[in-house]
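# Prediction below, plus the sequence it came from.
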Amino acid sequence: MAIAFAITANAQYYVGSSSTTTDYFGNKTTTHRNQYGETTGTSSSSTDYFGNTTTTHRDRYGNTIGTSTSSRDYFGNTTTTHRNKYGETTGTSSSSTDYFGNTNTTYKDSYGRSTGSSSTSRDYFGNTTTTYRNQYGETQGSSTSSTDYFGNRNTQQRSSNPNTTIWSW
């Protein structure tokens, strides 16, 4: 019984996907879908001359539900501030990328408390695999992304909890 439980606890359930297109100016539009293929929201990102990125998140009806603003330092490290639809800060994330293109991200809530982390590895073809962990280091989910010849990105998301809509609202 304990063995069966351990196997179930490590299971990964498909919970959704996202597809990203990039226009001529480098602006990105991402469509998020749940596990049934239904659109649950969109994200629209634009990057300024200095490399700062502003993303607007919308629900399935087009209502703005939040924003994210990211800035990149001289070393390529990124700090992102997340805000709700009222402009209130709901959390931050800080990412650093190593020599091999692997990225480590830490997440904090609005009070600066750790809420989790993620680690992303990139293969020779530019495909990425990301593992998400909670504040205790326990794996909560994963995502795999591939980019086609035209620069469009497709991501498949999985979670340890089959009832979650994590990363694909």
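In hand now; what should we look at? A quick note: this is a predicted structure, and the numbers were derived from the prediction, not measured.

# From now on I want contacts and neighbour counts done on CA atoms only, so please keep to that.
OK.

# Just to check, T80 is in contact with T92?
Yes - using C-alpha atoms under 8 Å, T80 is in contact with T92, at 5.5 Å.

# For the two, indicate the residue with more neighbours.
T92 (23 against 19; other C-alpha atoms under 10 Å).

# Quickly note the distance from that one to S46.
19 Å (C-alpha to C-alpha, to the nearest Å).

# Same check on R133?
In terms of C-alpha to C-alpha, R133 sits 28 Å off from S46.

# swap in N152?
On the measure of C-alpha to C-alpha, N152 and S46 end up 15 Å apart.

# now swap in Y132 and tell me
25 Å.

# Those two: who's more crowded?
Legend: neighbour count by other C-alpha under 10 Å for Y132 and S46, higher for Y132 (20 against 17).

# Contacts for stretch 62-81, please.
If you take C-alpha atoms under 8 Å, 6 or more residues apart in numbering as the criterion, stretch 62-81 is touched by 41-42, 51-59, 82-87, 89-97.

# Run a quick neighbour tally on S95.
The burial count for S95: 18, using other C-alpha under 10 Å.

# got the contact list for it?
So S95 contacts 77-79, 103-106 (C-alpha under 8 Å, 6+ apart).

# if we go to 10 Å?
72, 76-80, 103-107, 117-119 (C-alpha atoms under 10 Å, 6 or more residues apart in numbering).

# Same check on K85?
56-58, 63-67.

# Narrow the residues you listed to those in strands?
56-58, 64-67 (DSSP state E).

# which pair in those spans the largest distance?
Using C-alpha to C-alpha, those span at most 8.9 Å, a distance reached by R58 and T67.

# Please enumerate the shared neighbours of these two.
43-44, 85.

# what would the residues you listed look like in TSV with distance to Y14 and secondary structure?
What follows is these, written out as TSV (distance: C-alpha to C-alpha, whole Å; DSSP: H, G, I helix; E, B strand; the rest coil):
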residue	distance to Y14	secondary structure
S43	21	strand
S44	24	strand
K85	28	coil
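
# Between the residues you listed, which sits nearest Y36?
S43 (19.2 Å).

# pretty sure the closest one is touching T20, no?
Yes - using C-alpha atoms under 10 Å, S43 makes contact with T20 at a distance of 8.9 Å.

# Find residues that contact each of the two.
By C-alpha under 10 Å, 6+ apart, the residues touching both S43 and T20 are 28-32.
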